[in-house]
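Novice: The amino acid sequence is not available; the structure is as follows:
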């Protein structure tokens with residue numbers, strides 16, 4: 001078995017779903033918090049908790065703004081997060097015996 005270490009920040013199931021979803025967007029594309037919440041079928045509190053952990057690792061960028069008088073929160077994967085996800089997927093493939 002290869003000596004592979006999986007990133008514990010990404011490896012948690014909910015955070016893996018968040019990062020995989022954000023990685024499917026184009027570089028520097030972002031998504032609104034409610035749209036991400038709906039796509040992942042997560043509660044606002046649960047999603048916020050996982051986003052906070054990803055933000056602490058500099059994997060996501062959270063931008064809070066206003067559209068008119070309505071608050072809006074956007075989420076995007078940072079370059080650090082994108083590279084971490086690519087490394088994670090390569091490590092997972094190696095662990096499972098696939099090509100890297």
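Specialist: Now that the structure is in, tell me what you want to look at. Predicted, not measured: the structure shown is a model, and the values here were computed from it. Numbering: from 1, shown residues only.
Novice: For my notes, confirm residue 61 occurs in a helix.
Specialist: No: Residue 61: not assigned to a helix; according to DSSP: H, G, I helix; E, B strand; the rest coil it is strand.
Novice: check contacts around it.
Specialist: 30, 55, 75-78 (CB atoms under 8 Å, 6 or more residues apart in numbering). Using the backbone N, CA and C atoms, a C-beta is placed for each residue, glycine as well.
Novice: got it, and residue 37?
Specialist: By CB under 8 Å, 6+ apart, the residues touching residue 37 are 43-44, 47.
Novice: Show me those that map onto helices.
Specialist: In helices, judged by DSSP state H, the following of those are found: 44, 47.
Novice: Please tell me which one of the contacts of residue 37 counts the most neighbours.
Specialist: residue 47 (20 neighbours; other CB atoms under 10 Å).
Novice: Now that residue. Nearest residue, chain neighbours left out?
Specialist: residue 37 (5.2 Å; CB to CB, 6 or more residues apart in numbering).
Novice: ok so, going back, what subset of the contacts of residue 61 is buried?
Specialist: Among the contacts of residue 61, those that count as buried by neighbour count (16 or more other CB atoms under 10 Å) are 30, 75-78.
Novice: could you dump those to a markdown table with pLDDT, secondary structure and distance to residue 84?
Specialist: Converted to a markdown table, the buried ones among the contacts of residue 61 look like this (pLDDT from 0 to 100; DSSP: H, G, I helix; E, B strand; the rest coil; distance: CB to CB, whole Å):
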| residue | pLDDT | secondary structure | distance to residue 84 |
| --- | --- | --- | --- |
| 30 | 96 | coil | 18 |
| 75 | 98 | strand | 16 |
| 76 | 97 | strand | 14 |
| 77 | 98 | strand | 9 |
| 78 | 97 | coil | 9 |
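Novice: quick revisit: tell me which two of the contacts of residue 61 sit farthest apart.
Specialist: The most widely separated members of the contacts of residue 61 are 30 and 55, with 13.4 Å between them, by CB to CB.
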